[in-house]
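>>> predicted model and sequence follow; I will ask about them next.
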Amino acid sequence: MDFSFLDKLDQPVQRPVHPAALGLEALMKECTLTRGRTSGPGGQHRNKVETHITITHDPTGIEGQAGERRLAKENQRVAVKRLRLNLATQHRVLVPDGEIRSELWKSRCRNRKIVCAVRHEDFPSILAEALDVIEACGYDTRKASVRLQCSGSQLVRLLADHPPALAKFNDERRLRSLRPLKQ
């Protein structure tokens with residue numbers, strides 16, 4: 001196995017920011033928000049008020065939507081979270097050689113352990129960074145864990161915390177004739 005990339009790990013490199021890691025204002029500048037009505041329980045309120053929110057990230061076409069809450073503002077907050085998770089799972093950003101861990105990753109990864117709950121607002125950013133590096137390493141979790149300076153089991157556990165990410169990861173491994181991983 002080729003670990004020649006280890007020589008470049010000490011050299012800090014500027015890498016592009018993943019859309020899932022953008023601040024709310026910057027992300028919304030790249031998005032289109034649409035409101036609509038939704039069917040289902042809720043009676044007259046649901047039939048008359050446009051509380052269903054769909055947010056589309058214009059550069060990628062990836063969207064997040066929510067309509068289960070009574071207030072449009074609450075649905076918008078949920079739709080942004082879902083958009084960030086969808087971006088983290090479906091969109092990849094190029095990872096250069098060298099030290100690529102973001103300050104957020106360094107603060108969330110201590111003693112080779114990733115510390116970030118699924119509900120935390122940082123989770124989509126951490127997930128996106130991990131998936132970008134995993135792709136750059138050819139879906140080899142050992143190489144990716146070396147680059148991210150975490151354990152391989154922690155990396156797989158992070159993916160398993162968001163089942164669509166683990167499914168996408170395993171689909172990519174199958175395409176490369178690698179065996180899928182389980183949590």
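Good, I have the coordinates. Computed from a predicted structure; not experimentally measured.

>>> how distant is the host helix or strand of Leu85 from the center of its chain?
Using DSSP states H and E, Leu85 sits in helix 72-90. When distances are taken as CA atoms, centre = their mean, to the nearest Å, helix 72-90 is centred 11 Å away from the chain's centroid.

>>> equivalent analysis for stretch 85-100, please.
A distance of 9 Å separates the centroid of the chain from that of stretch 85-100, by CA atoms, centre = their mean.

>>> ends of that stretch, what's the gap?
End-to-end distance for stretch 85-100: 21 Å, by CA to CA, to the nearest Å.

>>> list the buried residues of that stretch.
By neighbour count on 16 or more other CB atoms under 10 Å, the buried set for stretch 85-100 is Leu85, Asn86, Leu87, Ala88, Thr89, Gln90, His91, Val93, Val95, Gly98, Ile100. Yep, even glycine has a C-beta here, placed from its N, CA and C like the rest.

>>> just stretch 135-155 next, same as before
Buried residues in stretch 135-155 (16+ other CB under 10 Å): 135-137, 139-141, 143-148, 150-152, 154-155.

>>> in this protein, which residue is closest to the centre?
The structure's the chain has its C-alpha centroid closest to Ala88; by CA atoms, centre = their mean the separation is 2.2 Å.

>>> who are the contact partners of that one?
His18, Ala20, Pro124, Ser125, Leu127, Ala128, Leu131, His162, Ala165 (CB atoms under 8 Å, 6 or more residues apart in numbering).

>>> of the residues you listed, which belong to helices?
Using DSSP state H to define helices, the subset of these located there is Pro124, Ser125, Leu127, Ala128, Leu131, Ala165.

>>> ok, then the element right after the lowest-mean-pLDDT helix or strand in the chain?
Here the helix or strand of the chain ranked lowest by mean pLDDT, DSSP states H and E is helix 43-48, holding a mean of 54. Using DSSP H and E, the helix or strand that follows helix 43-48 in sequence is strand 52-57.

>>> work out the gap between that following strand and the centre of the chain.
That offset, for strand 52-57, works out to 17 Å (CA atoms, centre = their mean).

>>> quick check: domain ranges of the chain?
Domain assignment for the chain, taken from automatic domain parsing, gives 4-16+96-175, 24-90.

>>> among those, which is nearest Leu181?
domain 4-16+96-175 (5.5 Å; CB to CB).
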